[in-house]
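# Sequence plus predicted model, see below.
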Amino acid sequence: MIDHRALIDDPQGILAQLRRRGIDSATVDDLTRLVETRREAIQRVEKMRHDLKVTSGEVQQKAKSGDMEAVDSARAQLKSLKAEIKDGEDLQQKVEVELENRILTVPNLPQSSVPDGPDESHNRVERTVGAPTQFDFEPKPHWEVAEKLGILDFERATKMSGSRFAVYFGAGARLERALINFMLDVAAENGYTEVLPPILVRREAMLGAGQYPKFIGESFETLDNEYALIPTAEVPLANLHRDEIIPEDKLPLRYAAFTPCFRREAGAAGKDTRGLIRQHQFNKVELFSYTTPEQSIDEHERLTDNAEEILRRLELPYQVISLCTGDLGFTSSKTYDIEVWLPAQNRYREISSCSNCLDFQARRAHIRCRSTDGDKKAKPRLVHTLNGSGLAVGRTVVAILENYQCADGSVVIPKALVPYFGGDRIALPAQ
RNA sequence: GGAGCGAUGGCCGAGUUGGUCGAAGGCGCUUGACUCGAAAUCAAGUGUGCCGCAAGGCACCGGGGGUUCGAAUCCCUCUCGCUCCGCCA
């Protein structure tokens, strides 16, 4: 959620930044008007409440002195004031609800270093690491590799769950598990505290993380609508410090969480229907940082590098791109996508997305920090939050199966993963 | 699932015949005095948000709603916690 104070202080500045994301001036004008209406409503109500308070005290004095006639007439008078206040409060609440509803649909302001552009074709490649894997045979898509090895079964998954699900068998299940452990260990080395959070959360948690109300249609909920299945561990991690004031010397706080993630993929009908790329349920290790406002720009680079480190250690070729304003996620002020090379698709595909939300999530979730050195009178400030996949596990399996496949159909296990996997190759099953 | 009890400031804990209570007291913390320094002692200060240029004002005693001129205090409801019973692992 953007800062509504800023709409009064610098509406032109806000408009200029939101324009880059395709928000028109009418929207900003509406919001600014609402903010001002709200202010007027508050001032009117507070004035009346003040009068009520003072006069109410006088009633007590009169009652004490036994002047019951004066008490009765004051009561009648206050009763009508009370009714006026009630009307004023209703109006104020109406304005505030409307402002809230409107402002919740406004995306975060992009950082100046974010490239402009309407769609992904304007994303900027920041760096490329490694070169596309070379083969002396035609590399197969991962689902063919996997089915031949007997480690992934998409058809049987439909028996219990329908499309966009997979069953892992044997070495496949083991590979997924090895990757999870490997990623969590690397995260721990980099200073992240491991967290195993609930994956069923209340709607307020979805709101706090910025998923709701915008993406209600993307989520799975329980039948009573009491709980939502998390679409990413970002949701529980962003709510971890709800309503807290964190001493600044504790920041940055870094967390890594392995969780399953659940997404309807409502807008993706027909896309990536084969294989592990786009599933309703997938595993992910998520990295999350809470920082002071001063730290977040640097932390964004660090967090992205921590995610890249997984690919470097697995010796998988990748590139890092900076999303343009039109491709930026709702809550993000700047996002780096890490894309891994997939030989069978002959292109790079997203395997991680690292975003700096600045104070956008913190404002909704009431997460603040306070200076710890000297200045005890310092006002609490909103923290900055950052998140990134480190990495999407299923897609990492895809990348390994495709990049490490051999002509005979077997798959080599990346060296860094051998101790976790307990072997250096997935061989074809004996006939 | 049934019955009962509870939720107050960083922590502990008063306040529940409604009235000046943002809230006693203690602890903790900050600053000052004393001290070579520390401890002890003494004094003062010590929540958050919103509106306001400011002075100041308004709100908040788990969340929401109600009664009343006036509610931390009364009523309803939700969430969370504890105790007992039942049920399940």
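Sure, I can see it. Numbering: from 1, shown residues only, chains lettered A, B, ... in the order given.

# Contacts only, for the spatially closest residue to A:Gly130 that is not a sequence neighbour.
For A:Gly130, ignoring the flanking residues on the chain, the nearest one in space by CB to CB, 6 or more residues apart in numbering is A:Pro317 at 3.4 Å. The C-beta positions use only the backbone N, C-alpha and C, and glycine is treated the same way. Each residue near A:Pro317 by CB atoms under 8 Å, 6 or more residues apart in numbering is listed here: A:128-133, A:340-341, A:403.

# again, only using 6 Å
A:Pro317 makes contact with A:130-132, A:341, according to CB atoms under 6 Å, 6 or more residues apart in numbering.

# ditto for A:Thr105
A:Thr105 neighbours (CB under 6 Å, 6+ apart): none.

# three-state assignment of it?
The three-state label given to A:Thr105 by DSSP: H, G, I helix; E, B strand; the rest coil is coil.

# Need the contact partners of stretch A:244-262.
Everything outside stretch A:244-262 that qualifies as a contact, by CB under 6 Å, 6+ apart, is A:180, A:184, A:187, A:191-195, A:197, A:199, A:220, A:229, A:231-233, A:237, A:281-292, A:295, A:299, A:368-372, A:380.

# Please tell me how far the residue nearest to A:Gly130 sits from RNA strand B.
Separation of A:Pro317 from RNA strand B (CB to the nearest atom of the strand, to the nearest Å): 47 Å.

# now A:Ile151
Distance from A:Ile151 to RNA strand B, by CB to the nearest atom of the strand: 30 Å.

# hang on, that residue packs against A:Arg174?
No - with contact defined as CB atoms under 6 Å, A:Ile151 does not count as touching A:Arg174 (8.6 Å).

# Who has more neighbours out of these two?
The neighbour comparison of A:Ile151 against A:Arg174 (other CB atoms under 10 Å) goes to A:Ile151, with 23 against 17.

# Now name the helix or strand holding the closest residue in space to that one that isn't next to it in sequence.
Nearest non-adjacent residue to A:Ile151, counting by CB to CB, 6+ apart: A:Gly172, 2.9 Å away. A:Gly172 is part of helix A:170-189 when elements are defined by DSSP states H and E.

# Buried residues, that helix. List them.
Buried positions in helix A:170-189, judged by neighbour count with 16 or more other CB atoms under 10 Å: A:171-172, A:174-176, A:178-180, A:182-184, A:186-187.

# Of those residues, which is the nearest to RNA strand B?
Among those, A:Ile180 lies closest to RNA strand B (CB to the nearest atom of the strand), at 25.0 Å.

# check contacts around that closest one.
Contacts of A:Ile180 (CB under 6 Å, 6+ apart): A:258, A:393.

# With A:Asp408 instead?
Contacts of A:Asp408 (CB under 6 Å, 6+ apart): none.

# what does A:Ala392 give?
Here A:Ala392 is in contact with A:284, A:351 (CB under 6 Å, 6+ apart).

# Show me the beta-bridge partners of it.
A:Lys284 (DSSP bridges).

# any idea how far it lies from A:Ser371?
37 Å (CB to CB, to the nearest Å).

# for the residue nearest to A:Gly150 when sequence neighbours are not counted, helix, strand, or coil?
Leaving aside its sequence neighbours, A:Gly150 sits nearest to A:Pro429 (CB to CB, 6+ apart; 5.2 Å). Under the three-state scheme (three-state DSSP), A:Pro429 adopts coil.

# burial measure for A:Pro429, as a count.
There are 11 residues near A:Pro429, going by other CB under 10 Å.

# for A:Val285, same thing?
Other residues close to A:Val285 by other CB under 10 Å number 29.

# pretty sure it contacts A:Gly388?
No - proximity of A:Val285 to A:Gly388 does not meet the contact threshold set by CB under 6 Å, at 10.0 Å.

# gap between the helix holding A:Gly172 and the chain center?
Between the centre of helix A:170-189 and the centre of its chain there are 23 Å (CA atoms, centre = their mean, to the nearest Å).

# Tell me the first helix or strand C-terminal of that helix.
Next along from helix A:170-189, by DSSP H and E: strand A:193-195.

# Output the contacting helices and strands for that following strand.
strand A:253-262 (3 or more CB pairs under 6 Å, 6 or more residues apart in numbering; DSSP states H and E).

# Can you point out the buried residues in the strand it packs on?
A:253-259, A:261-262.

# And for stretch A:370-389?
Those would be A:371, A:381-389, for stretch A:370-389 by 16+ other CB under 10 Å.

# ok, back up a step: make JSON lines from the buried residues of helix A:170-189 and add pLDDT to it.
As requested, the buried residues of helix A:170-189 are exported to JSON lines (pLDDT from 0 to 100):
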{"residue": "A:Ala171", "pLDDT": "94"}
{"residue": "A:Gly172", "pLDDT": "95"}
{"residue": "A:Arg174", "pLDDT": "95"}
{"residue": "A:Leu175", "pLDDT": "96"}
{"residue": "A:Glu176", "pLDDT": "96"}
{"residue": "A:Ala178", "pLDDT": "96"}
{"residue": "A:Leu179", "pLDDT": "97"}
{"residue": "A:Ile180", "pLDDT": "97"}
{"residue": "A:Phe182", "pLDDT": "97"}
{"residue": "A:Met183", "pLDDT": "97"}
{"residue": "A:Leu184", "pLDDT": "96"}
{"residue": "A:Val186", "pLDDT": "97"}
{"residue": "A:Ala187", "pLDDT": "96"}
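
# With distance to RNA strand B as added columns, please give those residues in CSV.
Output for those, formatted as CSV (distance: CB to the nearest atom of the strand, whole Å):
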residue, distance to RNA strand B
A:Ala171, 30
A:Gly172, 28
A:Arg174, 27
A:Leu175, 30
A:Glu176, 26
A:Ala178, 29
A:Leu179, 30
A:Ile180, 25
A:Phe182, 31
A:Met183, 30
A:Leu184, 27
A:Val186, 34
A:Ala187, 29
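
# want to throw the residues you listed into a markdown table with distance to A:Glu84?
Output for the buried residues of helix A:170-189, formatted as a markdown table (distance: CB to CB, whole Å):
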| residue | distance to A:Glu84 |
| --- | --- |
| A:Ala171 | 74 |
| A:Gly172 | 70 |
| A:Arg174 | 71 |
| A:Leu175 | 69 |
| A:Glu176 | 64 |
| A:Ala178 | 69 |
| A:Leu179 | 65 |
| A:Ile180 | 61 |
| A:Phe182 | 66 |
| A:Met183 | 61 |
| A:Leu184 | 60 |
| A:Val186 | 63 |
| A:Ala187 | 58 |
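
# The closest residue to A:Gly388 other than its chain neighbours in helix, strand or coil?
Among residues not flanking A:Gly388 along the chain, A:Cys354 sits closest, at 3.1 Å (CB to CB, 6+ apart). Put simply, A:Cys354 is strand when judged by three-state DSSP.
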